[in-house]
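Visitor: coords below, sequence missing:
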Ligand SMILES: NC(=O)c1ccc[n+]([C@@H]2O[C@H](COP(=O)([O-])OP(=O)(O)OC[C@H]3O[C@@H](n4cnc5c(N)ncnc54)[C@H](OP(=O)(O)O)[C@@H]3O)[C@@H](O)[C@H]2O)c1
């Protein structure tokens, strides 16, 4: 069995990047600026070394500010953390990719990114409106650009050293396959919703066979109740092993070979979500046998983010 320190400090190798991704990642999808700063600092203090950002979260500046302030306090350097951000849907045209990446790096105050992801495979009409819609509220997609063209511009970011690795978020196995086959620089990471109600086993197996890091978002089912946090199997294992339900879900995710992102907003929750312990194999098997299936975020179907209020 994996020991608890290995679980907390574990990393997964990132192909074509020079680094390793810490398996426990802190997600910065946080609605307000002040909470972003406090929660980011608190996550760093609790031990998180992997930070997941996005242009679309509109708080890269606050995340950068918090990291700049807290890194010296914690006694570590930029090179000891892993920072990801994401290309938004309105910037898929190749000529918009490098400027979007550089703008994100500028807001984060970084000279390189450990990982740059396309936020979704859907291209929206380019422009300043992040959520372009027609008068009936339908998303205005951009038919003038393909995902392989966007990917080509992202490959250039690796060539120039601005990004150590590139990957895809909110991607299905069907959409990943053609990129995998045609890419000059293969995707290093896929970031998708995953938890016991949406295990994405087929995609995980594909990733494991090709050394792609599978990075799970919403490992707690985004905290939605009822959901995995209240599942009877998870509650029983938590009681039996002396863990909280959140710790059970996070340990399961790591022990099945994924990295994960969670969004604790208080110091107590950050410590809870970082200090996870390995579960016995029979507990992992029990969770694997949960039959409930539920997707909490439909972003993968439309490109419109499920957990971000419209207009942000
Ligand atoms: N690529 C994408 O499209 C995409 C989509 C969604 C998310 N993400 C990334 O993934 C990250 C994580 O996603 P997520 O926020 O959905 O993850 P999550 O950790 O599954 O859900 C966060 C929710 O769980 C609650 N929570 C956190 N720790 C808890 C604990 N120990 N016990 C009980 N409840 C707890 C939080 O509650 P409180 O609010 O009460 O603290 C919050 O409501 C995001 O920040 C973002 O970086 C990416």
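Guide: Alright, I've got the coordinates. The shown structure was predicted, so the numbers you read here are calculated from the model rather than taken from an experiment.

Visitor: Contact residues of this protein facing the ligand?
Guide: Of all the residues in the chain, those in contact range of the ligand (CB under 6 Å from any ligand atom) are 27-29, 52, 169-170, 191, 217-223, 229, 246, 261-265, 269, 272-273, 297, 299, 305, 307. To be clear about C-beta, it is placed using only N, CA and C from the backbone, and glycine gets the same treatment.

Visitor: Strands of the stretch 101-250 of the chain, start to end?
Guide: Using DSSP state E, counting those that start in this stretch, the strands of the stretch 101-250 of the chain run over 115-118, 166-169, 189-193, 213-217.

Visitor: my guess is residue 217 meets residue 198, correct?
Guide: No: Residue 217 is not in contact with residue 198 according to CB atoms under 8 Å; the separation is 10.5 Å.

Visitor: More neighbours: the two, which one.
Guide: More crowded of residue 217 and residue 198, by other CB atoms under 10 Å: residue 217, with 24 against 19.

Visitor: Grab the nearest non-local neighbour of the more buried one.
Guide: Nearest residue to residue 217 in three dimensions, chain neighbours excluded: residue 261, at 4.9 Å (CB to CB, 6 or more residues apart in numbering).

Visitor: got it, and residue 250?
Guide: Closest residue to residue 250 apart from its sequence neighbours, by CB to CB, 6+ apart: residue 276 at 4.9 Å.

Visitor: That neighbour in helix, strand or coil?
Guide: Here residue 276 is coil, with the state taken from DSSP: H, G, I helix; E, B strand; the rest coil.

Visitor: Could I get the contacting residues of the residue of the stretch 1-150 of the chain found nearest the ligand?
Guide: Distances from the stretch 1-150 of the chain to the ligand, computed as CB to the nearest ligand atom, single out residue 27 as the nearest residue at 2.1 Å. Taking CB atoms under 8 Å, 6 or more residues apart in numbering as the contact definition, residue 27 lies against 52, 217, 261, 262, 263.

Visitor: Just give the number of residues close to the last one.
Guide: So the one you mean is residue 263. Number of residues near residue 263 (other CB under 10 Å) recorded here: 22.

Visitor: Provide a list of residues in contact with it.
Guide: Contacts here follow CB under 8 Å, 6+ apart; on that basis residue 263 touches 26, 27, 28, 29, 30, 39.

Visitor: ok so, going back, pLDDT wise, what is the residue of the stretch 1-150 of the chain closest to the ligand at?
Guide: According to the predicted model, the pLDDT of residue 27 comes to 98.

Visitor: which phi and psi does it have?
Guide: Its backbone dihedrals place residue 27 at phi -90, psi 140, with angles given as degrees, to the nearest 10.

Visitor: Report the spatially closest residue to residue 240, excluding sequence-adjacent ones.
Guide: Computed as CB to CB, 6+ apart, the closest residue to residue 240 that is not its neighbour in sequence is residue 283, at 7.6 Å.

Visitor: Verify the stated contact: the one you found with residue 238.
Guide: No: using CB under 8 Å, residue 283 makes no contact with residue 238, being 9.6 Å away.

Visitor: intersection of neighbour lists for those two?
Guide: The contact lists of residue 283 and residue 238 share residue 248, where a contact means CB under 8 Å, 6+ apart.
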